[in-house]
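> Structure here, sequence nowhere to be found:
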């Protein structure tokens, strides 16, 4: 009987054994690759959030419990300086004519009655001729009344004739007053009317005169221009009292009322702080900005505040009881606010928190902390540096 030895296996069996050996070698080679990182390994490679402080350094830090506190929220609003519209006048020509002289420029201080420009006008000449005729008619009526009084004493005429002439004199005087008023409306001063009466000298130009003491803040006229009555040629403003105008977000509009105090900062005037009161709160919302206009009135005796200067309005809002912590306790890390929470003696953890806008030296806590939590309120910046140094080591 013939027995098979290992060396005498069939060729198919030997090929299978060889394939199995190759597969085992391939699996062994694949097992040499590093295994995927686990969650524990990822945590080990993340920045360390905890820090240990040596006992000898503990005095450099202050730890306090987060407490509820009454806080008056301050609303900061961007604003600008504007002229008080109640102390602004827009001045135009009172007659149709051609501008022959421009006597004032933007920025000039003017007084009431000062000529800002001169206008040559045929209307003015016609009105002055009308005044001369009215004055002549009144003089004739006065002489007629004087003669009538002499004649009635001589019993030449009756009293009815005297009354008729006195009535004509009253009408002539009224017409003269009306002609004089028309000349004044055209800007002719009393001195020019007096010269017209005394020597019959006609005024060739009508002045465009200031009606308010202040500063010229706008000029819309040039020499040679034809001016029409009602055209605003100059704008004059009294800047002794100005407005500060701002746009209040509609969500906070209900917390602001007329008469409420406002602190104002104007960067152009340095660090000096101004105060005023709200004189107007808009009744409508601007659709583009979803805001409500507010206005504050401020005294400006030294004329330091100029129209279109930028300003910041700080409005005291409602008083609320909130969880707060000092601004010095906040550490900015990765574009987020953090604080160091005490875990145990000498150990602290950097904890993210949600905070509201600063109100003075305090920050209202919106999330991430609860009342009574022990946090580092002084030295947090240096503690964060210590944490980073330990992480590098």
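In hand now; what should we look at? Computed from a prediction, not measured in an experiment: that's the story for all the values here. Numbering: from 1, shown residues only.
> doesn't residue 321 make contact with residue 68?
Yes - the pair residue 68 / residue 321 is scored as a contact, 5.5 Å apart, by C-beta atoms under 8 Å. C-beta here means a position set from N, CA and C on the backbone, and glycine is covered the same way.
> which of these two has more neighbours?
residue 68 (12 against 9; other C-beta atoms under 10 Å).
> Give me the mean pLDDT for the helix or strand encompassing that one.
Secondary structure from DSSP states H and E places residue 68 in strand 67-83. Across strand 67-83, the average pLDDT comes to 84.
> Beyond that strand, next helix or strand please.
Using DSSP H and E, the helix or strand that follows strand 67-83 towards the C-terminus is strand 88-92.
> So this structure: which segments form each domain?
In terms of domains, the chain is parsed into 50-71+321-392, 77-85+238-319, 91-119+203-237, 122-185 (source: automatic domain parsing).
> between those domains, which one is nearest to residue 196?
Closest to residue 196 of the domains of the chain, according to C-beta to C-beta: domain 122-185, at 6.1 Å.
> And the average pLDDT for stretch 282-290 is what?
Mean predicted confidence for stretch 282-290 is 89.
> Same check on stretch 203-212?
Stretch 203-212 comes out at a mean pLDDT of 86.
> in it, what's buried?
Across stretch 203-212, burial judged by 16 or more other C-beta atoms under 10 Å covers 203, 205-210.
> now swap in stretch 76-88 and tell me
Within stretch 76-88, the residues that count as buried by 16+ other C-beta under 10 Å are 77, 79, 81-84, 87-88.
> And for it, what's in contact with it?
Identification of contacts with stretch 76-88 by C-beta atoms under 8 Å, 6 or more residues apart in numbering yields 212, 214, 217, 235-248, 264, 266, 294, 296-297, 305-315, 357.
> Next, count neighbours for residue 72.
Residues within reach of residue 72, counting by other C-beta under 10 Å, total 11.
> How about it, nearest residue that isn't a chain neighbour?
Once flanking residues are discounted, residue 72 sits nearest to residue 319: 4.7 Å by C-beta to C-beta, 6 or more residues apart in numbering.
> hang on, the earlier thing: buried only: go through the contacts of stretch 76-88 for me.
Buried members of these, scored by 16+ other C-beta under 10 Å, are 214, 217, 235-239, 241-248, 264, 266, 294, 296-297, 305-307, 309, 311, 313, 315.
> which stretches of the stretch 251-393 of the chain have low pLDDT?
Scanning the stretch 251-393 of the chain for pLDDT under 70 picks out the ranges 271, 317-318.
> now do the stretch 101-250 of the chain
Ranges of the stretch 101-250 of the chain meeting pLDDT under 70: none found.
> mind listing the strands for it?
Under the criterion DSSP state E, counting those that start in this stretch, the stretch 101-250 of the chain contains strands at 109-110, 115-120, 205-209, 214-219, 226-227, 232-237, 241-249.
> Compare those and report which one is nearest to residue 186.
Comparing these against residue 186 with C-beta to C-beta, the closest turns out to be strand 205-209 (5.2 Å).
> Which neighbours in the sheet does that closest one have, and how are they oriented?
Applying DSSP bridges to the sheet, strand 205-209 is found paired with strand 115-120 (antiparallel).
> which outside residues touch the strand it pairs with?
For strand 115-120, the external contacting residues (C-beta under 8 Å, 6+ apart) are 91, 93, 95, 97-104, 110, 204-210, 216, 221, 227, 233-234.
> try stretch 283-303
By C-beta under 8 Å, 6+ apart, stretch 283-303 touches 77, 79, 84, 215, 239-250, 253, 256, 262, 264, 274-282, 305, 313.
> Over to stretch 127-135?
With contact meaning C-beta under 8 Å, 6+ apart, stretch 127-135 is reached by 172, 175-176, 178-180, 182-183, 186, 188, 193, 196-197, 200, 202-203.
> Could you list the buried residues of that stretch?
127-128, 130-131, 134-135.
> repeat for stretch 137-149
137-138, 141, 144-145, 148.
> Distance from the chain centre to the top helix by length along the chain, please.
Identified as the longest helix of the chain according to DSSP state H is helix 122-153. In terms of C-alpha atoms, centre = their mean, to the nearest Å, the centre of helix 122-153 is set 60 Å apart from its chain centre.
> Then stretch 56-65?
44 Å.
> in it, what counts as buried?
61, 63.
> Need the residues that contact it.
Stretch 56-65 has contacts (C-beta under 8 Å, 6+ apart) with 53, 342, 346, 371-380, 382-383, 386.
> Mind checking which of these are in helices?
Using DSSP H, the subset of the contacts of stretch 56-65 located in helices is 380, 382-383, 386.
> Using neighbour counts, trim those to the buried set.
Applying 16+ other C-beta under 10 Å to those flags 380, 383, 386 as buried.
> what sits against the last one?
Right, residue 386. 51, 53, 57.
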